[in-house]
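> sequence first, then the predicted structure, then my questions.
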Amino acid sequence: MNSRIKVAAVSYLNTKPLLYGIEKSEIIKDIDLILDYPSELAKKLQAGTIDLALVPVAAIPTIKDATIISNYGIASNGNVVSVALFSEVPLARIKKVYLDYQSRTSVKLAQILLENYWKIKVELLPAHENYIEDIKTTTAGVIIGDRALKNLDKFKYNYDLSAAWKNHTGLDFVFAAWVANKKLPQQFVDMFNAANENGLNHLDIVIAQNPCSYYDLNTYFTKNIQFLLDENKKQGLELFLSKLGN
């Protein structure tokens, strides 16, 4: 290839298997790999400063010429554990909800569920850096990623957003997908898919390289996170994207 393809992802635990496969593949010689927050990846794709990123799917409609180029991503068919609404009171008593600033998809999913599934009216608040400390009394908060896993036992109530979506729609949920903002060579796409698959074939190594004291990564990578975007997940993604404009 004439120029290196700029590829970006987040460094959350849930991306480690995919990143391992990419870093251990021959494809690493042809790319510049960048790590950043999910919301920042979307901005960089929009600006055209990167070519391909594992972005929150809610950003797809905002990216010119957006195309999902891989069979792999971050999804779940039930409890994802790392994307949840945390509260000290039951749903019916929640008055305010902080929305985690790190992922547009989780924020929109929470809004859809609050309005259409749980059917409760709350005041939505943009999360500040230390908002988790303000989850108390009737104020709840959406927490995602590694921070969610670290806070699983901190609050009295924990409402898993992926499980709620599954109960609401009967479909799986896709949180992030590999999205390109331009047409990429088919040879690269094939190698990229193979690299992702290779990472998933070495979960034992990934787990050993990322010791985690607050959650069992074997459970997380094999029970909670689903990496292959099968038909049910694609249907769930299509439904979610259709709701973004509502």
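Ah, there it is.
> could you look up the SS state of Phe240?
helix (DSSP: H, G, I helix; E, B strand; the rest coil).
> helices along this protein, start to end?
16-23, 38-47, 104-112, 145-150, 161-169, 186-200, 203-209, 217-219, 231-243 (DSSP state H).
> show me the shaky parts of the chain.
For the chain, the stretches flagged by pLDDT under 70 are 1-2, 245-246.
> domain assignment for it?
5-77+172-243, 83-169 (automatic domain parsing).
> can I get these in CSV including mean neighbour count?
(C-beta placed from N, C-alpha, C; glycine too.) Listed next are the domains of the chain as CSV, based on neighbours: other C-beta atoms under 10 Å:
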stretch, mean neighbour count
domain 5-77+172-243, 18
domain 83-169, 18
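> picking up where we left off before, which one of the helices of the chain lies closest to Glu133?
Glu133 lies closest, by C-beta to C-beta, to one member of the helices of the chain: helix 145-150, at 12.0 Å.
> what packs against that closest one?
Contacts defined by 3 or more C-beta pairs under 8 Å, 6 or more residues apart in numbering; DSSP states H and E place helix 145-150 against strand 83-87.
> and the closest residue to Ile63 other than its chain neighbours, how far from Leu52?
Excluding its sequence neighbours, the residue lying closest to Ile63 (C-beta to C-beta, 6 or more residues apart in numbering) is Leu45, at 5.0 Å. From Leu45 across to Leu52, the span is 8 Å (C-beta to C-beta, to the nearest Å).
> which residues do these two both contact?
Ala8, Val179, Asn181 (C-beta atoms under 8 Å, 6 or more residues apart in numbering).
> could I have the CA atoms of stretch 165-183 written out in CSV?
The C-alpha trace of stretch 165-183 is given here as CSV (Å, rounded to 0.1, in the frame of the first residue of the first chain):
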residue,chain,number,x,y,z
TRP,A,165,-32.9,-3.1,25.0
LYS,A,166,-33.1,-6.9,24.5
ASN,A,167,-36.2,-7.1,26.6
HIS,A,168,-37.7,-4.1,24.8
THR,A,169,-37.0,-5.1,21.2
GLY,A,170,-36.1,-8.8,21.2
LEU,A,171,-32.9,-7.9,19.4
ASP,A,172,-29.2,-7.7,20.2
PHE,A,173,-27.5,-4.4,20.6
VAL,A,174,-24.4,-3.1,18.8
PHE,A,175,-22.4,-0.5,20.7
ALA,A,176,-19.5,0.1,18.3
ALA,A,177,-18.5,-0.9,14.8
TRP,A,178,-15.5,-0.5,12.6
VAL,A,179,-16.5,2.4,10.4
ALA,A,180,-14.5,3.9,7.4
ASN,A,181,-15.1,7.3,5.9
LYS,A,182,-13.8,6.3,2.5
LYS,A,183,-13.5,3.2,0.3
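> find the nearest non-adjacent residue to Thr169, please.
Closest residue in space to Thr169, ignoring its immediate chain neighbours: Leu239 at 6.1 Å, by C-beta to C-beta, 6+ apart.
> same question for Asn77.
Asp172 (4.4 Å).
> what are the phi and psi values at that neighbour?
phi -70, psi 170 (degrees, to the nearest 10).
> would you agree it is in contact with Gly73?
No - taking contacts as C-beta atoms under 8 Å, Asp172 lies outside contact range of Gly73: 11.1 Å.
> please report the distance of the residue nearest to Ile63 from Lys64.
Distance from Leu45 to Lys64, by C-beta to C-beta: 9 Å.
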